[in-house]
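Participant: Sequence first, predicted model second:
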Amino acid sequence: MKATFQKLVTYFQSNDTSNIRALFETENNPAYSIESKELLKDCKLFSRIVQKYGIPQADSIKLTKGEGEENVVYATLMNKIDSSLNLKLFVFGVLFFPDRFLKNPEKILTYQFHELPVIIPEKKFIPIPKLKNNR
């Protein structure tokens, strides 16, 4: 699973969306599909972070179990304040199927970016003007 994680890191870094999609299990998980726009956005962010902070080393990649007994492989790519990226923390996590589904343990269930922003952007709403009664 760590080898698949490292492949995924390489594919994200090089924006190789076709190889990223090939690593996903779609036979048992047809509802999960990756939108091309979202995937390209994720690749761009991932590439910026890797360019600045480097690829995670093999010893920094951790393997654990998730809440549903799925296998989770993750690595912290950055853990310091970076105002240019507006991030304090960036962790890349990949979920694999639980051990009881060992038909193809190297296929990915999903991936997640855990981002902690420095400044949380405020949502600005345009005030709705009050309407006058035309009576």
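Facilitator: Yep, it's here.
Participant: How about the helix-or-strand element of the chain with minimal mean pLDDT, which residues are buried there?
Facilitator: Here the helix or strand of the chain ranked lowest by mean pLDDT, DSSP states H and E is helix 17-22, holding a mean of 87. The neighbour-count criterion (16 or more other C-beta atoms under 10 Å) identifies 17, 20 as the buried residues of helix 17-22. Bear in mind the C-beta positions are built from the backbone N, C-alpha and C, glycine included.
Participant: so how far is that helix off the chain centroid?
Facilitator: Put simply, helix 17-22 sits 14 Å off its chain's centre (C-alpha atoms, centre = their mean, to the nearest Å).
Participant: same thing with stretch 40-55?
Facilitator: For stretch 40-55, the distance to the chain centre is 11 Å (C-alpha atoms, centre = their mean).
Participant: I would like the residues contacting it, please.
Facilitator: 9-10, 12-15, 17, 20, 77-78, 82, 85, 87, 90, 92, 113 (C-beta atoms under 8 Å, 6 or more residues apart in numbering).
Participant: Next, the buried residues of it.
Facilitator: Buried, per 16+ other C-beta under 10 Å, within stretch 40-55: 42-43, 45-46, 49-50, 53.
Participant: need the longest helix for this protein.
Facilitator: helix 36-53 (DSSP state H).
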